[in-house]
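Undergrad: Could you look at this predicted model? Sequence included:
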Amino acid sequence: MSGDHVESLQRILHVTVNKSPSIIFNDCEDEPWNGDSKNLPLYIGNAPFLNGEPHKLIDNVDKILQVLVKKANKIHANPITVMYHVFSRSEIIKWPNLINICNLSISQCCLYLCCPQYYGIELQIDDRISKLLEFFQSNSGKALKFGIDILLNLQQDNPEDYLVINKKLSELLVKELCDRTLGNPKTKIISIINSLISNKSIAMLLCKEWFNSAVWDKPLMVERKLFWGRLLAITSLNEFGPGKLDDDSWYHNQTPTRQTYFSSRMTLPALIASINTVQSEISQGNVISNSVIKTFIKIDSEMRYYVLKYFGKILEGNSIKARVGRNAMSRFGEYRSQSLNKTYTFMLTINGDNSFGFCLNFSWILITLCYGIQLNKVNTLMCSFCASDSDKVKELMCFCSKCVFMGDDEQVMAAKVLVEKLPIEQEIDKFTNQIYWLTYKSINVMVKPCLDEYIAIIRHMSEASNEEERLQLFSHYCIWHSIVEHQDFLDKFWHYINLSLSLIMRACCIYLPDGLEDDEAIQYLTTQGRGKLQNLLLYRANKFKVRIGNNDSLMSPQLTLLPVDFIGDIIEIVKRLIIIYPSKHIKISTVDILYGLDLELFTSVCIIIMTESKLFKNIHLRCDAASMSLFYLNIYANNYWNKLLEFQTTKSYLVKALTMVFVDTQKASYYDRINFRLPLVENISGLLKVPEYKVSFNNLVDTDNQLFVHLLHLLLNDMSFLIEEVVSLLTEIKRRENQPDPQNNVDTDTSNVFNSNTNSGTSTNPNNGDDNENNEQILDEGGDNRSSSFQMLKSRARSTVTYGLKVCKLVGLFSELFKTYILDSPIILPQVVTCLNNCIDNLVGPNCLKLKVKNMTEYNFDPREWLRSIMSCYNNLNSNMHVFCKSIAAEERYYNHNTFKKALRIARRENMFPSKILANFQVMIETVQQFASNLTIEVDIPEEFLDPIMQEIMLDPVLLPTSNNVMDRAVIERHLMSEPTDPFNRIHLTSDDLVPQPELKEKILRFMNEHNIN
């Protein structure tokens, strides 16, 4: 060996061969050596294996390295670091046996980790792995590769030891992540993890260690104990997290972000600066977490499957959170905060679901992974993914087995057969399909409950009873705002929502019943439709020569196999953000939360859902989701509502959509019906004040007369019922107020209940036999007033009064705009007259004093406003005085001349109308009285000429084939608009089934002529 080579080798090993007999090994434990062999050489004198001869180094490198390991351990240095320095110097200094020295240094590290006894070292495995992690933490770049090479060498030569070491290393990494916070995101540990998982074999083993756990069915434990939970748990919502459940010191020692940034008063600039700081820290934490997830996913399909599979497990475990949220909303009808409740931590333990902060982070990761799916590639997504019978889908999306699809069981089976022939619907292994549908589930079980909580905090803040409480709630609002209204979150979120809206639109309009794409629709979309899916509404109407909302629409297999919850969740999540929108007026908002929504596409999807009752059979989806979302746009985001009204699709179809939904709400329960119809009445009333939409209503009357009649019929039914329900409720409230303890004065005597119902005029309509039964059913569903609590009575009174007045005003608008049609309709006019007479009788008739409770404003009840609305209807319809006044006089149950005179006196006293209108009303009263005096006849009408329910002479008799009874057409058609059944036996019946009776009609007309009956 040449002298140069000896010198190089000594420099690589950082040792000096010295023949001095006084220096054998420099292994004194007291020597101040910092463990860095660069700074202090190891002097080797007359060692037995060298005998003071430098040229023998080449044959004893392995022994020298052993000495270095022992020396480092004795002076509490890290032997792995010492070996790495040998390794790194061997790469710098030219040496013919470079590879041999590199391999030897790695081998020594492996030997140290597996069998420290070889060096005479007694060291537990946890301490050895800590040395390895310490090495990773104190180095970067090539050093991390050196550490990975150690693990790979172990895997090859000592597979059993490798498994043990890998397991301990994975546990240490998770432990290091436990105190990861916004201020300390553990960037170095994340960098180490990214380096480790860049190698497939190491990543696979680590992944299995982090996944193979018995607590995957307990999401809370995943969040607290497992790698994936700790990776994604960095959040500003750390005040009520899972750490409060035990004695882990790091949980209790950390200061909540809310208290750090928002616990005290501050100026607006300081407040905005604090929010920006928190959002910046959130961004940094998410970027780091994203890097790990993406590294795992990019390794290969097997690794990607592992990651997505356990994401699915986390989502499945959080289904309780979604159910609790739905139950709370259904029971209370309002948003109530969970995290501000003192029992939140306890409930978190009981339910075992994840904290709000974790849920938002987890969903953020998923929508970020979906961000790569471009909107113009929506046609590559599987609509039938959740309905697939593939074992892989069932394992990956374990919640799919509980999905309810758009079609019934028979339709779903047929649709599955059709999609089997479509290649695009078989790409279950495609990452975009897998991540897209996992993200949908996160919207359902994570994002919705989080937004509900955010809304609850906003509403609690507006209802705060004092300044201190308001400031406390405002600090909670700020910390939620920093996440939910984060620019990056909203960018990714709206991309996913628009992608989903596009998918729904395609399933409705692009695909044919055989599952193939409609080539003409595609061509229309690229030419006349300007690439906008929302324009397919116009295409459907033009192609099929039918109006939107026809009942013959056939469902494509793609739409059949979409989960009902998926469509509902996409609409519902937008609705929640619309509710949040007004909070932007709290001046800390720098982002318009609705900026990313494709408003025209969203509106078009809502219109299709509302109009296509054959496709979308779920009344809650059509009303509570689609219709209510548009209502909230009108109420909370009026600038977006005004923009919506300018769209051509809206001008063409919104009026019909709202009308159809209103009619179909008749199928819902009492409380749902009221909740659904109130926003519909608001929107319809608003549209009637817009000139272009007045035209739309005129078109509806001309083109779909039956639908408009049905709408007006139901409005009149509601109006009659509501005025009587208001009387009934206020009467009971007045009775309770006169008792010593109105809160507890509940009458449980069933006879009193019956008498109360009959005396207060419970919901009857003499102009329609079924209306009596229908309204009695409504009252049964609503519950009896005497057995209700006082608070329940007050709540029902407020909601009933609010809805009732809005219905009165809407009927007033219709009576003004469509007076000619109403006066000419033999079906509608008698019902309008009965309804108006009923209302005016309750407001100013003999029983009007029942309405006088102690505080009318508490119930939003203004009898003058009600009377003004009712009298406006009379004035509007008085244009054809002969027809209208004659109908009023013919209505015998509620018409009373004195009641009309009293209404006129009140109107004059309160200056409700200009003198001209009051004069016209006076003329109408007198004309009605004249007609009433001439209507009295003494003629015995044969039984066969009378309607069996209304006991009035029939003008157009028809046979009911289901019961062989004969009724007047106007009466039975009004009944069928409320309920499509035979009133005598409840068998299904439609107006098309009615059989005209021309011979009987001729007899009746002859009888009327003979006896001078008009």
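TA: In hand now; what should we look at? Numbering: from 1, shown residues only.

Undergrad: How many residues are close by residue 272?
TA: Using other CB atoms under 10 Å, residue 272 is surrounded by 15 other residues. From N, CA and C alone the C-beta is placed, and that goes for glycine too.

Undergrad: quick one: pLDDT of it?
TA: Residue 272 carries a pLDDT score of 87 in this model.

Undergrad: Name the residues of the helix or strand that contains it that are buried.
TA: Using DSSP states H and E, residue 272 sits in helix 268-299. For helix 268-299, the neighbour count (16 or more other CB atoms under 10 Å) marks 271, 274-275, 278-279, 281-282, 285-286, 288-289, 292-293, 295-297, 299 as buried.

Undergrad: which intervals of the stretch 151-300 of the chain have sub-threshold pLDDT?
TA: Along the stretch 151-300 of the chain, the model assigns pLDDT under 70 to residues 212-217, 240-254.

Undergrad: can we see that at 50?
TA: The model of the stretch 151-300 of the chain has pLDDT under 50 over residues 242-247, 249-252.

Undergrad: Where do the helices of it begin and end?
TA: Chain-ordered helices for the stretch 151-300 of the chain, with DSSP state H, counting those that start in this stretch as the definition, fall at 159-177, 187-197, 200-211, 219-225, 227-232, 249-253, 257-262, 268-299.

Undergrad: Rebuild those as a markdown table, extending it with distance to residue 859.
TA: Putting these into a markdown table (distance: least, CB to CB, whole Å) gives the following:
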| stretch | distance to residue 859 |
| --- | --- |
| helix 159-177 | 57 |
| helix 187-197 | 59 |
| helix 200-211 | 58 |
| helix 219-225 | 45 |
| helix 227-232 | 49 |
| helix 249-253 | 49 |
| helix 257-262 | 39 |
| helix 268-299 | 40 |
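
Undergrad: Not counting sequence-adjacent ones, nearest residue to residue 946?
TA: In space, and not counting its chain neighbours, residue 946 is closest to residue 953: 6.2 Å by CB to CB, 6 or more residues apart in numbering.

Undergrad: In contact with that neighbour, which residues?
TA: Taking CB atoms under 8 Å, 6 or more residues apart in numbering as the criterion, residue 953 is in contact with 941, 945-947, 1004, 1008, 1013.

Undergrad: what does residue 554 give?
TA: Residue 554 neighbours (CB under 8 Å, 6+ apart): residue 513.

Undergrad: going forward, begin numbering at 19 instead of 1
TA: Yes, from this point I'll number from 19; that puts the last item at residue 572.

Undergrad: mind checking how far it is from residue 890?
TA: When CB to CB, to the nearest Å is applied, the distance between residue 572 and residue 890 equals 45 Å.

Undergrad: again with residue 1019
TA: Distance, residue 1019 to residue 890, using CB to CB: 37 Å.

Undergrad: Show me which of those two is the more surrounded one.
TA: residue 890 (20 against 17).

Undergrad: Which residue is the nearest non-sequential neighbour of that one?
TA: Nearest residue to residue 890 in three dimensions, chain neighbours excluded: residue 830, at 4.7 Å (CB to CB, 6+ apart).

Undergrad: count of neighbours near that neighbour?
TA: Residue 830 has 20 neighbours, counted by other CB under 10 Å.

Undergrad: which sections of the stretch 869-1018 of the chain are below the confidence cut-off?
TA: Checking the stretch 869-1018 of the chain against pLDDT under 50 turns up nothing.

Undergrad: which residues in it form strands?
TA: Along the stretch 869-1018 of the chain, counting by DSSP state E, counting those that start in this stretch, strands occupy 975-978, 983-986, 1013-1014.

Undergrad: Tell me which of those strands sits nearest to residue 919.
TA: Closest of the strands of the stretch 869-1018 of the chain to residue 919 is strand 983-986, at 32.0 Å (criterion: CB to CB).

Undergrad: contacting residues around residue 384?
TA: Residues in contact with residue 384 (CB under 8 Å, 6+ apart) are 329, 453, 456-457, 460.

Undergrad: at 10 Å what do you get?
TA: Each residue near residue 384 by CB atoms under 10 Å, 6 or more residues apart in numbering is listed here: 311, 326, 329, 333, 453-454, 456-461, 464-465, 510, 514.
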